[in-house]
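Student: Next one to model:
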Amino acid sequence: MIQDIYPSKLHNEFGHYELREEDTVFYFDEKGKLLSWEKNGKLTFLSKKDIKDQPSIYLFSIDDHRYFLVMEKPDQLKEGYAYLTIREVRDICAEGPDVFAAFTAYHLWRWYADNVYCGRCAEKLEPDEKERAMKCPKCGNMIFPRINPAVIVGVTNGDRLLLTKYRQGYGHNALVAGFTEIGETLEETVAREVMEETGVKVKNIRYYKSQPWGMAQDILVGYYCDVDGDSTIRMDEGELKYAEWVKREEIELQPNNLSLTNEMMRMFKEDRL
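Tutor: Predicted coordinates for the structure are as follows:
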């Protein structure tokens, strides 16, 4: 999955560091597209020489390689650059630290971009000196990075798995998924989302694994469960264009191994649960 970068390791502890020549710098435009260069399926990003004296924000490190963020576009760029959506980055970087770093940087960029002014008193926010937070100098309000909990659900029915495809966006096979609402447990989210999207009741809800997913500022939590009674699908046509019970040997996997969804489909397909 996207976070499986062993033997490398993410270090996300807050800190103050000076930008070095060898460090990586990310810049996202107002639409969230990442400035990059592609050559032979390999992406490269900004470095210290590209941003000159522009202020930068330390994000995290992978091993001893540091990653920073700039909020303003550099004045001069070498030829051949392009702006890629995070989905395009995902397709180009099929594995390794680069795609994980880009997703995690996007998550933090989205938070910084969305929290310029205080929601209580409208004063301009300032970075806190001691932790990853934005602080209001007027009323003291503290805003921390947002993480959205969401579930990925593998609903089983004997040797069949409930597969879906979204009506818009990602075009490959997926599983039932959705965000946790106020006041819900994760298990209650599982049961509600499956019912809302497919009309199926479930039982034996059991945790599988979790995954950070910076594209949507999520922490994805994977569950398997079994159909409870009637397996007739009543699909939510506003959200899905496909929802079917598929035999394990007929399951078509996604084109890469970055997502928790794909791993859960593969585990069922290979009868490894």
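Student: how distant is stretch 126-144 from the center of its chain?
Tutor: From the chain centre to the centre of stretch 126-144 is a distance of 25 Å (CA atoms, centre = their mean, to the nearest Å).
Student: Residues in contact with it: which ones?
Tutor: 14, 57, 112, 115, 118, 119, 120, 121, 123, 125, 145 (CB atoms under 8 Å, 6 or more residues apart in numbering). (C-beta placed from N, C-alpha, C; glycine too.)
Student: May I see the residues you listed organised as TSV, with distance to residue 263 added?
Tutor: Compiled in TSV, the contacts of stretch 126-144 are given as follows (distance: CB to CB, whole Å):
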residue	distance to residue 263
14	30
57	32
112	30
115	32
118	40
119	37
120	41
121	45
123	44
125	38
145	25
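Student: Okay, and the closest residue to residue 266 other than its chain neighbours sits in which element?
Tutor: Leaving out its chain neighbours, the residue that sits closest to residue 266 by CB to CB, 6 or more residues apart in numbering is residue 253, at 5.7 Å. For residue 253, there is no helix or strand it lies in under DSSP states H and E.
Student: Could you list the single helix or strand in the protein with the lowest mean pLDDT?
Tutor: strand 42-44 (a mean of 86; mean pLDDT, DSSP states H and E).
Student: Is residue 110 in a helix, a strand, or coil?
Tutor: helix (DSSP: H, G, I helix; E, B strand; the rest coil).
Student: typed the wrong thing, it's residue 2
Tutor: coil.
Student: My read is that it contacts residue 258, right?
Tutor: Yes - between residue 2 and residue 258 there is a contact under CB atoms under 8 Å: 4.4 Å.
Student: Check the contact lists of these two and give me the overlap.
Tutor: With CB under 8 Å, 6+ apart as the test, residue 2 and residue 258 both reach residue 99.
Student: And residue 18, how close does it get to residue 136?
Tutor: 27 Å (CB to CB, to the nearest Å).
Student: Neighbour count for those two, which is higher?
Tutor: More crowded of residue 18 and residue 136, by other CB atoms under 10 Å: residue 136, with 19 against 10.
Student: which residue sits closest to the more buried one, ignoring its sequence neighbours?
Tutor: That would be residue 118: by CB to CB, 6+ apart, it lies 4.0 Å from residue 136.
Student: Just the pLDDT at that neighbour, thanks.
Tutor: Note on residue 118: pLDDT of 97.
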